[in-house]
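Student: Here is a sequence with its predicted model. Questions after.
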Amino acid sequence: RSRGPLGHEPLRGAEEEAGGDGEAHVGERLHAAEGEEEPLDGEHVLVGGNPARGLVGGGLLIYDIPHGRATVLGRDDLIRAQGVMALTALPGGDLVVGTTIEAATGGTTTAAEACVYRLDWASRRITARWTPVGGLRSIADLVTGPDGMVYGLAPPNRLFVIQPQYARGSNTDCGGLRTA
């Protein structure tokens with residue numbers, strides 16, 4: 001069986017549930033390999049991004065499928081001058097979010113650099129922040145590895161690793177306002 005880019009096995013069940021072709025199809029649920037926790041709860045859809053024309057910062061929509069209820073964490077609930085660009089779930093259910101400082105169409109960037117933060121799933125509050133590499137404008141992708149570490153990619157060619165268990169409660173600032 002082939003291994004993923006971080007050395008772990010792909011989600012089990014894809015071949016059996018996809019008719020043996022190894023491809024996932026709309027409406028199918030893939031399962032974690034035996035002994036691994038499900039990476040998502042299967043009950044929520046998360047959508048993040050940038051705001052409307054001319055504004056900076058962005059929010060996160062959390063849609064509860066079984067109850068048909070949507071919750072929006074606005075830019076004042078997250079990091080005001082940064083949009084949500086990348087998401088990954090930690091084994092305990094918290095989220096790690098990568099940001100972008102790029103403004104929406106017609107906007108002016110006000111933050112100095114993109115960052116990564118931990119969002120407590122139960123309270124919907126930020127509990128830790130990191131600036132993995134100074135001067136980044138965007139965090140393009142995040143993935144939680146089987147070791148619990150968060151691996152991230154940022155343009156143009158940056159790979160970084162975060163150990164989320166060591167920064168819980170950190171007051172480290174990220175993405176401070178641009179002063180020049």
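Tutor: Arrived safely.

Student: what's residue 86 in contact with, if anything?
Tutor: 97-98, 139-142, 152 (CB atoms under 8 Å, 6 or more residues apart in numbering). No exception for glycine: its C-beta is placed from N, CA and C like everyone else's.

Student: ok, 7 Å please
Tutor: 98, 139-142 (CB atoms under 7 Å, 6 or more residues apart in numbering).

Student: Please apply the same query to residue 45.
Tutor: Residue 45 neighbours (CB under 7 Å, 6+ apart): 63, 65.

Student: Can you tell me the SS state at it?
Tutor: Residue 45 carries the three-state label strand when classified by DSSP: H, G, I helix; E, B strand; the rest coil.

Student: Who does it form a beta bridge with?
Tutor: residue 63 (DSSP bridges).

Student: Restricted to buried residues, select the contacts of residue 86 in PyMOL.
Tutor: Those of the contacts of residue 86 that count as buried under 16 or more other CB atoms under 10 Å are selected in PyMOL with:
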select buried, resi 98+139+140+142
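
Student: Relative to residue 48, which of the contacts of residue 86 is nearest.
Tutor: residue 98 (9.5 Å; CB to CB).

Student: Could you verify my assumption that that closest one touches residue 142?
Tutor: Yes - counting by CB atoms under 7 Å, residue 98 does reach residue 142; the two are 5.0 Å apart.

Student: what residues do those two have in common as contacts?
Tutor: What both residue 98 and residue 142 touch, as defined by CB under 7 Å, 6+ apart, is the set 86, 152.
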